[in-house]
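**Student:** Would you be able to build a 3D model of this:
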Amino acid sequence: QVQLVESGGGLVQAGTSLRLSCAASGRSFSYVMGWFRQAPGKEREYVGSISRSGGSRDYADSVKGRFTISRDNAKNTVYLQMNSLKPEDTAIYYCAASSFTVLRPRTYDYWGQGTQVTVSS
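**Tutor:** Residues are numbered from 1 along each chain as shown. Predicted coordinates for the structure are as follows:
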């Protein structure tokens, strides 16, 4: 069993940056980690994922070049650095852990509770 807890959300102005963290607890952190977001009235959207080692990453086109995913396996934590934020980035952001070994896996085994990010114009 793995518990995921996101933090770092908040209210920021457009053009600024924010870094989200996702701390994992449990017996193992050997998962592909993904970030998702869900805006009000919209479906959950894939943001990106990172391999177990952290050596490979994948991003949705909507965030490519602005967001960066990283992980510190010694701290069982994955990060989402968000730069040049836009109002359309406003959403609840979730991290998730997948036992699949490929990036952008189809299914995830564990989910966090989410953290709100609001970007004002």
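**Student:** so how far is residue 90 from residue 41?
**Tutor:** 12 Å (CB to CB, to the nearest Å). C-beta coordinates here come from the backbone N, C-alpha and C atoms, glycine included.
**Student:** between those two, which one's more packed in?
**Tutor:** More crowded of residue 41 and residue 90, by other CB atoms under 10 Å: residue 90, with 19 against 5.
**Student:** which residues does the residue nearest to the spatial centre of the chain form a beta bridge with?
**Tutor:** For the chain, the residue nearest the mean C-alpha position is residue 35 (2.7 Å; CA atoms, centre = their mean). Beta-bridge partners recorded for residue 35 (DSSP bridges): residue 48, residue 95.
**Student:** How about the contacts made by it?
**Tutor:** 20, 22, 47-49, 69, 78, 80, 93-96 (CB atoms under 8 Å, 6 or more residues apart in numbering).
**Student:** any low-confidence regions in the chain?
**Tutor:** Low-confidence segments of the chain, defined by pLDDT under 70: none present.
**Student:** switch the cut-off to 80
**Tutor:** Under the criterion pLDDT under 80, the flagged ranges of the chain are 27.
**Student:** Which residue ranges of it form strands?
**Tutor:** Secondary structure of the chain (DSSP state E): strands at 2-7, 10-13, 18-26, 32-38, 45-50, 57-59, 67-72, 77-82, 91-98, 110-111, 115-120.
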